[in-house]
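Novice: need a 3D model of the sequence below.
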Amino acid sequence: MIKIIIKTDEDKIIGYNVFGHANFAPKGKDIVCSAVSSITQTALLGLKELLKKDIEFEQDNGLLRVQINNPDKDSNLVLETMLL
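Specialist: Down below sits the predicted model:
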């Protein structure tokens with residue numbers, strides 16, 4: 001099972017954790033894991049590469065942790081879009 005934890009501070013998203021596996025199909029063929037990874041990794045890239053946000057992140061097999069230092073309106077828009 002994939003679990004996603006969204007961290008907030010008042011009305012801003014300050015980070016997220018994604019961990020686990022969908023186990024919908026064998027490794028390398030699991031379209032559910034692929035979809036979740038695509039969305040959460042794209043949000044990370046948007047924060048890091050486009051917005052140049054000060055972020056801390058950890059990636060490992062079945063794990064993504066993202067923490068935004070100094071979240072603002074722009075970072076929140078990226079993360080609210082991810083949640084949609």
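Novice: please make it C-alpha for all contacts and neighbour counts, starting now.
Specialist: Noted.
Novice: nearest spatial neighbour of the most centrally placed residue in the chain, chain-adjacent residues omitted?
Specialist: In the chain, the C-alpha nearest the mean C-alpha coordinate belongs to residue 40, at 3.5 Å (C-alpha atoms, centre = their mean). Once flanking residues are discounted, residue 40 sits nearest to residue 82: 6.8 Å by C-alpha to C-alpha, 6 or more residues apart in numbering.
Novice: helices along the protein, start to end?
Specialist: Under the criterion DSSP state H, the chain contains helices at 31-45, 73-83.
Novice: kindly reformat the ones you listed as TSV containing distance to residue 6 and mean pLDDT.
Specialist: Shown next, in TSV, are the helices of the chain (distance: least, C-alpha to C-alpha, whole Å; pLDDT from 0 to 100):
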stretch	distance to residue 6	mean pLDDT
helix 31-45	11	95
helix 73-83	9	97
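Novice: re earlier: what's the local residue count around the residue nearest to residue 40?
Specialist: 15 (other C-alpha atoms under 10 Å).
Novice: again with residue 30
Specialist: 14.
Novice: what does residue 7 give?
Specialist: Based on other C-alpha under 10 Å, the number of other residues close to residue 7 is 15.
Novice: surely residue 75 touches residue 52?
Specialist: No: between residue 75 and residue 52 there is no contact under C-alpha atoms under 8 Å: 9.8 Å.
Novice: compare the two (neighbour count), which wins?
Specialist: residue 75 (23 against 11).
Novice: against residue 40, how distant is that one?
Specialist: 13 Å (C-alpha to C-alpha, to the nearest Å).
Novice: tell me which residue of this protein is furthest from the middle?
Specialist: residue 26 (22.6 Å).
Novice: relative to residue 12, how far out is it?
Specialist: 36 Å.
Novice: and if you look at residue 27?
Specialist: 34 Å.
Novice: higher neighbour count, the two?
Specialist: residue 12 (16 against 11).
Novice: what sits against that one?
Specialist: By C-alpha atoms under 8 Å, 6 or more residues apart in numbering, the contact list for residue 12 reads 71-73, 76.
Novice: list only buried entries from those residues.
Specialist: 71, 76 (16 or more other C-alpha atoms under 10 Å).
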